[in-house]
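Chemist: no FASTA, just this:
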């Protein structure tokens, strides 16, 4: 796992690097279920304040406006 963070915020985690994909997890303080980009949203066991949003990128075009908005949200809010 590769963490992307600042000294005060966790922004994202790269959890898998496959032959034709990259799997990224964005931690948020609440779930964002109304989207088309996350394949899974799961609350971290024992931590009622963190919801991991799982994104799998297979093509360059998978990073669209919706994904970019969640990337910005993660950078601005972070855990």
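Modeler: Sure thing, it's come through. Everything numeric here is computed off the predicted structure, so don't read it as measured data.
Chemist: quick check: the gap between the residue nearest to the spatial centre of the chain and residue 52.
Modeler: For the chain, the residue nearest the mean C-alpha position is residue 26 (2.0 Å; C-alpha atoms, centre = their mean). For residue 26, the distance to residue 52 (C-beta to C-beta, to the nearest Å) stands at 7 Å. (Glycine included, C-beta is placed from N, CA and C.)
Chemist: OK, contacts around the closest residue to residue 32 other than its chain neighbours?
Modeler: Among residues not flanking residue 32 along the chain, residue 53 sits closest, at 6.5 Å (C-beta to C-beta, 6 or more residues apart in numbering). Applying C-beta atoms under 8 Å, 6 or more residues apart in numbering to residue 53 gives the contacts 25-28, 31-32, 38, 40-41, 70.
Chemist: can you check residue 3 too?
Modeler: Contacts of residue 3 by C-beta under 8 Å, 6+ apart are 10, 12-13.
Chemist: how about these in CSV, adding secondary structure, distance to residue 75 and neighbour count?
Modeler: Below are the contacts of residue 3 laid out as CSV (DSSP: H, G, I helix; E, B strand; the rest coil; distance: C-beta to C-beta, whole Å; neighbours: other C-beta atoms under 10 Å):
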residue, secondary structure, distance to residue 75, neighbour count
10, strand, 11, 16
12, strand, 9, 20
13, strand, 14, 17
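Chemist: strands along this protein, start to end?
Modeler: Taking DSSP state E as the criterion, the chain carries its strands at 2-5, 10-17, 22-28, 40-43, 51-57.
Chemist: surely residue 30 meets residue 51?
Modeler: Yes: in terms of C-beta atoms under 8 Å, residue 30 counts as a neighbour of residue 51; the distance is 6.2 Å.
Chemist: between the two, who's got more neighbours?
Modeler: Neighbour tally, residue 30 and residue 51, criterion other C-beta atoms under 10 Å: the higher count belongs to residue 51, 19 against 11.
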